[in-house]
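A structural model of the following input is requested.
(2 chains)
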There are 2 protein chains.
Amino acid sequence: MTFSVTILGSNSAIPTLQRNPSAHLLNANERLFLIDCAEGTQLQLRRFKVHFQRIKHIMISHLHGDHFYGLIGFLTSLHLLGRKDELHLYANPELQQILEIQLAASRTTLIYPLIFHPLVSNNKELIYEAERLKVYSFPLIHSVPTHGFLFLEQHHSTMRVRNPRSYAYCADTAYSEDIIPYIHGVDLLYHEATFMNDMAANAKEKMHSTALEAATIASKAQVKKLMIGHFSARYDDLQPLLDEARSVFPETILAVDGEKTDIGK
Amino acid sequence: MTFSVTILGSNSAIPTLQRNPSAHLLNANERLFLIDCAEGTQLQLRRFKVHFQRIKHIMISHLHGDHFYGLIGFLTSLHLLGRKDELHLYANPELQQILEIQLAASRTTLIYPLIFHPLVSNNKELIYEAERLKVYSFPLIHSVPTHGFLFLEQHHSTMRVRNPRSYAYCADTAYSEDIIPYIHGVDLLYHEATFMNDMAANAKEKMHSTALEAATIASKAQVKKLMIGHFSARYDDLQPLLDEARSVFPETILAVDGEKTDIGK
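Numbering: from 1, shown residues only, chains lettered A, B, ... in the order given. Predicted structure coming up:
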């Protein structure tokens, strides 16, 4: 069974021609989940040949623009392309009004059901459950209310097929060991690494993390593999960030736009 | 003196990898004006190597997403990149709240002055005047309040250097001869041509125009040259739209993403 993540954007803040800002596509047994939706995400989905009407769930971590400015355009395109299936959106409740006034301004009534699930908990919360998958939200430490997401395979109720696999998404967040209980032992941890550690003071001030800090969390949480991303546009070459993280946690990889990673392999 | 328009997006409705939705960059004697700002416009500006901090005025024709969903991201990027100069925005007044609640959700206070000029008139209105240029808005006929824009060179106060040049932007609009007085005799008319004329009924229902209709307006308004754009994503090959328009108005060209057209040549 498929359990993979495709990176649609690995940059922070500002889109560049090399790296788009944050969006991940999780494929769990051919169920597609979109996690964050920066401006340009719908074009990234086209570029990487994702049949995007198959996405049924969208999780938005927080309301900084580089994580959601592509959402209204994506929702509108689904509408214009004739979507009928319901779509579930999990986000800070403020997002609902932002979407509604834009749809109202264009006199648009979506032709498919959009079901809004407000993220308000300050604790780990089960937000989605199906036969073989559970998804949890949990709080991160950032300048606005921010949630991480944990995707956890479930054993089929009647048979134990294999070890359940898991993926955790942590962006944006300051270095915080408080998140370790939520992500402990996951197969793949995505943790933001906006800066290198020579900018640790800057990272702390902006409530972001460094590559070294992401790796430290990965190590302390005893995860199997770490993926770093949300890179500052100042870094053309990402090898130094990878090297820095690997100095603490060797099983680190870089988020790269368009690359798919099989989780638990 | 420069008087040119660069197409940043020539598609309607949905962004594709070949054509982005609407945005034009007008260069009038090295003053830069952005007209409409679809999702992805900031990346188009990067792609076509425009020094986009030099843009001081943004005109938004109407509040359909394919004309403004890239605005909030562009304004935010200017902020993150340290803009200091004031920026003037001309748009339907509903846009102000749409921007404000998104900036509020991300706890962002722009570090540059953003000056909002609401477009409310149902007549031709002077919205900008400088020594050598006047810009007017005028009403178009569409399903939501929509404005066209007329850029008109002015003679220098003390000398008559050359014939003043002019550019009119008309998107989106149903076929309407009511707009002819606003655009009469311009050097370059941009007029939307979402469909070919075999879809005239569809165009009328959606308050768009066909290539034939755009050419008819160009002919009746006695403009020097017509540029058609805002093409439906159904058309991979645009030559039939060009041929259709040229059958009525030979001096027709296609809007092409990334192409610059010198006006009045």
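
where do the strands sit along chain A?
Assigned by DSSP state E, chain A shows strands spanning A:3-9, A:23-28, A:31-35, A:55-59, A:87-91, A:114-118, A:125-130, A:133-139, A:147-153, A:166-170, A:188-192, A:225-229, A:252-254, A:260-262.

nearest to chain B, of these?
strand A:87-91 (10.4 Å; C-beta to the nearest C-beta). Using the backbone N, CA and C atoms, a C-beta is placed for each residue, glycine as well.

do stretch A:137-154 and chain B meet?
Yes: for stretch A:137-154, a contact with chain B is found by C-beta under 8 Å from any C-beta of the partner chain, at A:143, A:144.

okay, now the one residue in the stretch 151-265 of chain A that gets nearest to chain B: neighbour count?
Shortest the stretch 151-265 of chain A-to-chain B distance, computed as C-beta to the nearest C-beta: residue-wise this is residue A:233, at 9.1 Å. For residue A:233, the neighbour count with other C-beta atoms under 10 Å in any protein chain shown is 17.

and it, how far is that from residue A:19?
8 Å (C-beta to C-beta, to the nearest Å).

what do these two both touch?
By C-beta atoms under 8 Å, 6 or more residues apart in numbering or on different chains, residue A:233 and residue A:19 have these common neighbours: residue A:11.

and the pLDDT at the residue nearest the centre of chain A?
Geometric centre of chain A, nearest residue: residue A:35, 4.0 Å, by C-alpha atoms, centre = their mean. The model reports residue A:35 with a pLDDT of 98.

quick one: contacts for it?
So residue A:35 contacts A:23, A:24, A:25, A:26, A:58, A:59, A:61, A:149, A:169 (C-beta under 8 Å, 6+ apart).

could you pull out the helices in the stretch 51-200 of chain A for me?
A:71-80, A:94-105, A:180-183, A:200-205 (DSSP state H, counting those that start in this stretch).

tell me the pLDDT of the nearest residue to residue A:189 once chain neighbours are set aside.
Spatially, and ignoring its direct neighbours in sequence, residue A:189 is nearest to residue A:223 (4.3 Å; C-beta to C-beta, 6 or more residues apart in numbering or on different chains). At residue A:223, the predicted lDDT confidence score is 98.

show me the contacts for residue A:223.
So residue A:223 contacts A:168, A:183, A:184, A:185, A:186, A:187, A:188, A:189 (C-beta under 8 Å, 6+ apart).

again with residue A:7
Counting by C-beta under 8 Å, 6+ apart, the residues that residue A:7 touches are A:23, A:24, A:229, A:255, A:256, A:257, A:258, A:259, A:260, A:261.

can you pick the most crowded of those?
residue A:23 (29 neighbours).

what pLDDT, on average, does stretch A:252-265 get?
96.

residue A:125 touches residue A:135, doesn't it?
No: using C-beta atoms under 8 Å, residue A:125 is not in contact with residue A:135, being 9.8 Å away.

of the two, who's got more company?
Using other C-beta under 10 Å, the more surrounded residue of residue A:125 and residue A:135 is residue A:135, with 22 against 15.

residue A:114 pairs with what?
residue A:87 (DSSP bridges).

mind checking how far it is from residue A:11?
27 Å.

which one's more surrounded, these two?
The neighbour count for residue A:114 versus residue A:11, taken as other C-beta under 10 Å, is higher for residue A:11 (23 against 17).

can you check the pLDDT for that one?
Looking at residue A:11, its pLDDT is 96.

which residues touch the nearest residue in space to residue A:229 that is not next to it in sequence?
Leaving aside its chain neighbours, residue A:229 sits nearest to residue A:255 (3.1 Å; criterion: C-beta to C-beta, 6+ apart). Contact analysis of residue A:255 by C-beta under 8 Å, 6+ apart lists A:7, A:10, A:190, A:227, A:228, A:229, A:230, A:231.

quick one: the first one from residue A:41, how far?
Here the criterion is C-beta to C-beta. By it, residue A:7 lies 11 Å from residue A:41.

between the two, what contacts are shared?
residue A:23.

so which residues on the stretch 1-150 of chain A come close to chain B?
Counting by C-beta under 8 Å from any C-beta, the stretch 1-150 of chain A comes close to chain B at A:13-17, A:39-40, A:42-43, A:46-47, A:63-65, A:69-70, A:72-73, A:76-77, A:80-81, A:92, A:94-95, A:97-98, A:101-102, A:105-108, A:143-144.

now render the strands of chain A as CSV, adding distance to residue B:218.
As requested, those are exported to CSV (distance: least, C-beta to C-beta, whole Å):
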stretch, distance to residue B:218
strand A:3-9, 41
strand A:23-28, 41
strand A:31-35, 43
strand A:55-59, 42
strand A:87-91, 42
strand A:114-118, 41
strand A:125-130, 54
strand A:133-139, 55
strand A:147-153, 53
strand A:166-170, 52
strand A:188-192, 52
strand A:225-229, 49
strand A:252-254, 52
strand A:260-262, 48
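
what's the most buried one of these?
Neighbour counts (mean count of other C-beta atoms under 10 Å in any protein chain shown) averaged over each of the strands of chain A peak at strand A:188-192, with a mean of 29.

that one pairs with which strands, and in what direction?
strand A:166-170 (parallel), strand A:225-229 (parallel).

how far off centre is stretch A:173-181?
Relative to the centre of its chain, stretch A:173-181 is centred 16 Å away, using C-alpha atoms, centre = their mean, to the nearest Å.

list the buried residues for it?
Within stretch A:173-181, the residues that count as buried by 16 or more other C-beta atoms under 10 Å in any protein chain shown are A:173, A:174, A:175, A:176, A:179.

from chain B, how far out is the closest residue to the first one other than its chain neighbours?
Okay, so that is residue A:173. Excluding its sequence neighbours, the residue lying closest to residue A:173 (C-beta to C-beta, 6+ apart) is residue A:140, at 3.9 Å. In this view, residue A:140 and chain B are 15 Å apart by C-beta to the nearest C-beta, to the nearest Å.

number of residues surrounding residue A:144?
17.

so who does it touch?
Residues in contact with residue A:144 (C-beta under 8 Å, 6+ apart) are A:62, A:63, A:64, A:92, B:105, B:106, B:107.

ok, the last one touching residue A:143?
Yes: between residue B:107 and residue A:143 there is a contact under C-beta under 8 Å: 6.5 Å.

quick one: which of these two has more around it?
Per other C-beta under 10 Å, whichever of residue B:107 and residue A:143 has more neighbours is residue A:143, with 15 against 10.

quick one, phi/psi of the more buried one?
phi -80, psi -10 (degrees, to the nearest 10).

for it, give me its contacts.
A:206, A:207, B:107.

tell me the one of these nearest residue B:239?
Checking the contacts of residue A:143 against residue B:239 with C-beta to C-beta, the nearest one is residue B:107 at 49.6 Å.

now do the closest residue to residue A:133 other than its chain neighbours, the pLDDT please.
Of all residues not flanking residue A:133 in the chain, residue A:28 sits nearest, at 5.1 Å (C-beta to C-beta, 6+ apart). Residue A:28 carries a pLDDT value of 96.

number of residues surrounding the residue of the stretch 101-250 of chain A found nearest chain B?
At 4.1 Å from chain B, residue A:105 is the closest residue in the stretch 101-250 of chain A, using C-beta to the nearest C-beta. Residue A:105 sits with 20 neighbouring residues when counted by other C-beta under 10 Å.

who touches it in this structure?
Contacts of residue A:105 (C-beta under 8 Å, 6+ apart): B:63, B:92, B:94, B:95, B:98, B:144.

how near is the last one to residue A:69?
So the one you mean is residue B:144. Counting by C-beta to C-beta, the gap from residue B:144 to residue A:69 is 21 Å.

and the residue nearest to residue A:229, how far from residue B:68?
30 Å.

can you check residue A:181 too?
Residue A:181 is 43 Å from residue B:68, by C-beta to C-beta.

swap in residue A:177?
Separation of residue A:177 from residue B:68 (C-beta to C-beta): 43 Å.

then residue A:37?
Distance from residue A:37 to residue B:68, by C-beta to C-beta: 17 Å.

for residue A:78, same thing?
19 Å.

which one's more surrounded, these two?
Neighbour count, other C-beta under 10 Å: between residue A:78 and residue B:68, residue B:68 has more, with 30 against 22.
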